[in-house]
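Asks: Okay, sequence plus prediction incoming.
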Amino acid sequence: MNVIGTVGLPGSGKGEAANVAEAAGIPVVVMGDVIRAECRRRGLDPAEHHGRMAGTLREEEGDDAIAARTLPRIREAAAESDRDETVLVDGLRSTVELERFREAFGDDFTLVAIRAPFELRAERLGERGRDDSDSDLSALRERDEREIDLGLGETLERADVEIDNTDSLAAFRERVREELGVDDAESDRSDGKAGEKPDDAEATDDPEAPEAGGDGA
Ligand SMILES: Nc1ncnc2c1ncn2[C@@H]1O[C@H](COP(=O)(O)OP(=O)(O)OP(=O)(O)O)[C@@H](O)[C@H]1O
């Protein structure tokens, strides 16, 4: 088993990293999906209640609640993985989650920090325009602060590997492939999609991409 977790501030490129994994046939487990699933289980609209549900779960079940609920999903995905049981976990947010994964997977767990400066993330999110907060600078600043307060800053500091996402999308994708141990020639083997896209394509529009990666778990 080889579990690769990503951590990064909003708009840093976690969703793009997940797209690279998927295109190479590496299963992706999105931690935010745990929250969305719990919203649906309680009959709540995930779009409206996603932000609060993470806090509710932590209050009810402890700070490692989301990591604990993600673990069986990782094991299931690993069993289905045809790439040496490699799984990408999108979106750690706290050191408690990191410790839970280190405890579960030991040296088989690698934490990758994805970094990009505020201005670049703001610009890219403005172009992504997934929701209103994507194009609002003060909202992004608040999201950053909230995430850092919840432990994302310290989690970034404790990563095993750093990827700077300050260059082109093509360069970033190549760097991610390198970290995942995927040859360029293999990267489009799952369905050819990655090979078809121009380098600056809006990959988050991909209907087969993981569920809206990591917005506020
Ligand atoms: N190197 C790059 N060059 C150009 N655009 C990029 C680059 N990296 C990412 N993007 C684009 O920036 C936007 C934000 O990236 P992405 O969705 O991967 O961020 P994220 O970390 O998943 O954000 P969030 O936590 O808000 O979900 C996307 O539209 C993505 O395609």
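Replies: Received the coordinates, thanks.
Asks: For E142, see how far away the residue nearest to the spatial centre of the chain is.
Replies: Nearest to the geometric centre of the chain sits D90, at 2.5 Å (Cα atoms, centre = their mean). Distance of D90 to E142, given as Cβ to Cβ, to the nearest Å: 22 Å. All C-beta spots, glycine's among them, are computed from the backbone N, C-alpha and C.
Asks: Just to check, the residue nearest to the centre of the chain is in contact with V29?
Replies: Yes. Using Cβ atoms under 8 Å, D90 makes contact with V29 at a distance of 6.9 Å.
Asks: A21 - nearest residue in space that isn't next to it in sequence?
Replies: Leaving aside its sequence neighbours, A21 sits nearest to L88 (Cβ to Cβ, 6 or more residues apart in numbering; 4.1 Å).
Asks: do the same with A24
Replies: V182 (4.3 Å).
Asks: and that neighbour, what does it touch?
Replies: Residues near V182 by Cβ atoms under 8 Å, 6 or more residues apart in numbering: V20, A24, I26.
Asks: Phi and psi next, for it.
Replies: In terms of degrees, to the nearest 10, the main-chain angles of V182 are phi -110, psi 130.
Asks: Could you report the separation of it from G106?
Replies: In terms of Cβ to Cβ, V182 sits 23 Å off from G106.
Asks: Would you confirm that L9 belongs to a strand?
Replies: No. Using DSSP: H, G, I helix; E, B strand; the rest coil, the assignment for L9 is coil, not a strand.
Asks: could you pull out the strands for this structure?
Replies: 2-7, 28-30, 86-90, 109-115, 161-164 (DSSP state E).
Asks: What angle do strand 86-90 and the fourth one make with each other?
Replies: Regarding strand 109-115 and strand 86-90, their directions subtend 40 degrees when assessed with axes from the mean of the first three to the mean of the last three Cα atoms, to 10 degrees.
Asks: So which bits of stretch 163-170 are buried?
Replies: In terms of neighbour count (16 or more other Cβ atoms under 10 Å), stretch 163-170 has its buried residues at I163, N165, L169.
Asks: ok, H49 - contacts?
Replies: C39.
Asks: What separation is there between it and D64?
Replies: For H49 relative to D64 (Cβ to Cβ), the value is 21 Å.
Asks: Now do the same contact list for A159.
Replies: With Cβ under 8 Å, 6+ apart, A159 has these contacts: V7, L111, V112, A113.
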